[in-house]
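Asks: can you look at this prediction? I've put the sequence above it.
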Amino acid sequence: AQKVTQAQTEISVVEKEDVTLDCVYETRDTTYYLFWYKQPPSGELVFLIRRNSFDEQNEISGRYSWNFQKSTSSFNFTITASQVVDSAVYFCALSEWEYGNKLVFGAGTILRVKS
Amino acid sequence: GAVVSQHPSRVICKSGTSVKIECRSLDFQATTMFWYRQFPKQSLMLMATSNEGSKATYEQGVEKDKFLINHASLTLSTLTVTSAHPEDSSFYICSANLERQGVYEQYFGPGTRLTVT
């Protein structure tokens, strides 16, 4: 069965601190996709990244970076020099091909960045 | 491109009434759309997969007769909450699949907040 675990329920940091959000997944499929979404108070999901199971290269986009490690089934997300605008709920999600691309979401991590 | 809209964005209804939520892919055709539900301070849970021209596939525990899904065209799926009760109050989010070069990308709507009084 597919499962996504975000063990950190809530994280509080002070502006300019770096913060890492953890994501661990379970799947029996060899072909799958991992995602990170941001959900600000407005509720609309903001797509951050998609990574397929065959691409373990880490990715950096501005202050955001992602570390994908198949050996530990983890797909962690780091925000460097956090800002107040980063405050939101962050979801990690998984989709498997054989299940028609539907997404299984983790419980989410609430990130609070204080000035 | 790849915009998904939902209507209404917010709705308040009385217990026992039915509410219809529309999900539209504005600039692309989507053979598959998904409906998710998110209770306050919880994660998104898939309710059903909506396929154009066929019956929706519901996840375990989701009542088919209560949450009616119709995917009548390649750009529109509707979710009707029948005989709504306060426990149906939730944030409903749809998404639509766009196939690009053999990869399916899922685009989310802005969500509909339903409050049943």
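Replies: Looks like it came in fine. Numbering: from 1, shown residues only, chains lettered A, B, ... in the order given.

Asks: what residues does chain A put near chain B?
Replies: Where proximity means CB under 8 Å from any CB of the partner chain, the interface of chain A facing chain B comprises A:37, A:42-45, A:47, A:50, A:91, A:95, A:100-108. The way it works is simple: take the backbone N, C-alpha and C, and place the C-beta from them, glycine included.

Asks: so residue A:96 touches residue A:29, yeah?
Replies: Yes. The pair formed by residue A:96 and residue A:29 meets the contact definition of CB atoms under 8 Å, at 4.2 Å.

Asks: of the two, who's got more company?
Replies: The residue with more neighbours, out of residue A:96 and residue A:29 and counting by other CB atoms under 10 Å in any protein chain shown, is residue A:96; that gives 19 against 14.

Asks: need the residues touching each of residue A:96 and residue A:29.
Replies: Shared contacts of residue A:96 and residue A:29 (CB atoms under 8 Å, 6 or more residues apart in numbering or on different chains): residue A:2.

Asks: picking that back up, out of the residues of chain A next to chain B, which end up buried?
Replies: Buried by 16 or more other CB atoms under 10 Å in any protein chain shown: A:37, A:44-45, A:91, A:95, A:101-108, out of the residues of chain A next to chain B.

Asks: so which of those residues are in strands?
Replies: Using DSSP state E, the members of those that fall within strands are A:37, A:91, A:95, A:103, A:104, A:105.

Asks: could these go into JSON lines alongside distance to residue A:71?
Replies: JSON lines is the format used below for these (distance: CB to CB, whole Å):
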{"residue": "A:37", "distance to residue A:71": "24"}
{"residue": "A:91", "distance to residue A:71": "23"}
{"residue": "A:95", "distance to residue A:71": "21"}
{"residue": "A:103", "distance to residue A:71": "23"}
{"residue": "A:104", "distance to residue A:71": "21"}
{"residue": "A:105", "distance to residue A:71": "23"}
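
Asks: which one of these is nearest to chain B?
Replies: Distance to chain B, by CB to the nearest CB, is smallest for residue A:105 among those, at 4.7 Å.
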